[in-house]
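> Here is my input; please provide its structure:
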Amino acid sequence: MRRSDREITDKKQIEKFVAEEQILRIAFYDDGDIYLVPVNYGYTYENEKYSFYFHGAKAGRKYELSKLRPEVGFEIDGKYQLLKNEMACGFSASFQSVIGTGTLQLVEDAEEKKIGLNAVMKQTTQKAEWSYNEELFHAVAVFRLDVHKLSCKAK
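Okay, here's the model as predicted:
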């Protein structure tokens, strides 16, 4: 990280930020194109490793790329506040962000699929346990992003 004075290394502070936000952006490489998609997410944090979960259709570009090129980049940002100034070039912003890389997996195991969907729902609603319509449960794709590298910074 170029600006080490802005780096956050405190694991509790990073997890607090991840727990408060709602949108994770996934960046896929697609034969010369970058495909960036925002998703609602949930996560687990075990043995100092993050796994992010999100869901989607069992069809489409995101689904196909997750199988074809599962190595992805990701980003979460938040806490944005404009810092005004009298001069245009003096404007700035405060923020916090997490960026990293990881590998996507389609979750096939029913128990882990429920864990992933519950994580997504907890992130959005704060309620951790849900029941699911059987037909819809089997129709939805659940993705797990296993994080390899993660960094956090704030201004």
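> Dihedrals phi and psi, residue 128?
For residue 128, the backbone dihedrals (degrees, to the nearest 10) come out as phi -90, psi -20.
> List the contacts of stretch 13-28.
For stretch 13-28, contacts defined as Cβ atoms under 8 Å, 6 or more residues apart in numbering pick out 8, 34-41, 43, 45, 50, 52, 54, 61-62, 65-66, 69, 72-79, 96, 98, 104, 123-124, 145, 150, 152. Just so you know, the C-beta spots here come from the backbone N, C-alpha and C atoms, and that holds for glycine as well.
> Find the nearest non-adjacent residue to the residue minimising distance to the centre of the chain, please.
The residue lying closest to the centre of the chain (Cα atoms, centre = their mean) is residue 24, at 3.4 Å. Closest residue in space to residue 24, ignoring its immediate chain neighbours: residue 41 at 4.0 Å, by Cβ to Cβ, 6 or more residues apart in numbering.
> So the one you found sits against residue 52, correct?
Yes. Between residue 41 and residue 52 a contact is recorded at 5.0 Å, counting by Cβ atoms under 8 Å.
> quick one on the thing from earlier: quick one: average confidence on the strand or helix carrying the residue nearest to the centre of the chain?
Counting by DSSP states H and E, the element that carries residue 24 is strand 23-30. For strand 23-30, mean pLDDT rounds to 97.
> Quick check: what element follows it along the chain?
strand 33-40.
> Okay, buried residues for that next one please.
Neighbour-count burial for strand 33-40 flags 37, 39 (criterion: 16 or more other Cβ atoms under 10 Å).
> helices or strands up against it?
strand 23-30, strand 49-56, helix 61-68, helix 110-125 (3 or more Cβ pairs under 8 Å, 6 or more residues apart in numbering; DSSP states H and E).
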